[in-house]
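Q: For reference, the sequence and a predicted model appear below.
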Amino acid sequence: DSAETSPSVVFENIERCSPICLQMLLENISGLTVDADFTVELIPEMNVAVVTFIKSIDTEEFVKKCSQDRRVKEFKMTARLLELTQTIKAENLPESISRDYLTVYFESARSGGGPVSDVRLFPGENSAIVTFCDRRGNP
């Protein structure tokens, strides 16, 4: 209908909840299974986790459920949709990485990706800029 909704949800203030506990909590709230239906990427230095749904669900409704969940409140965590973006910077890449490999990796639904329109490698920095096709559904 309107703009595409992100398949990823950011959980902030995760330090009070162990990774295994977080996975079980997410399974309880969503009714889905980690690895089969969603992935969890921990970013401890930022005290956040990013949950990316492989199975198509209403992530806005999921965020609402999380904000009302007693356990989420007890852990003092917050949940919000991860903003969709058209361009990302990938860093700390192996020197031998290819443009084709990065394209296929970032087009993977399991990685939360989508159709890639361009990959610019910066070998001196071991980084790349990945540009996705328009996220609004235009071909």
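A: Yes, it's here. All values derive from a computational prediction rather than experimental measurement.
Q: helix, strand or coil for residue 16?
A: coil (DSSP: H, G, I helix; E, B strand; the rest coil).
Q: That one reaches residue 72, doesn't it?
A: No: between residue 16 and residue 72 there is no contact under Cβ atoms under 8 Å: 10.7 Å. C-beta here means a position set from N, CA and C on the backbone, and glycine is covered the same way.
Q: which one of these two has more residues nearby?
A: residue 72 (21 against 12; other Cβ atoms under 10 Å).
Q: Tell me which residues are up against the longest helix along the chain.
A: Ordering each helix of the chain by length in residues (DSSP state H) puts helix 19-30 first. Contact partners of helix 19-30, identified using Cβ atoms under 8 Å, 6 or more residues apart in numbering, comprise 11, 14, 17, 32-34, 37-38, 40, 42, 49, 51, 57, 62, 65-66, 69, 71-72, 75.
Q: Mark which of those residues are buried, thanks.
A: Neighbour counting over those (16 or more other Cβ atoms under 10 Å) leaves 11, 14, 17, 32, 34, 37-38, 40, 49, 51, 57, 62, 66, 69, 72, 75 as the buried ones.
Q: Show me the residues you listed that map onto helices.
A: Per DSSP H, those map to helices at 62, 66, 72.
Q: For the nearest residue to the second one once chain neighbours are set aside, grab the count of nearby residues.
A: Distances taken as Cβ to Cβ, 6 or more residues apart in numbering put residue 79 closest to residue 66, at 4.0 Å, once the chain neighbours are dropped. Using other Cβ under 10 Å, residue 79 is surrounded by 21 other residues.
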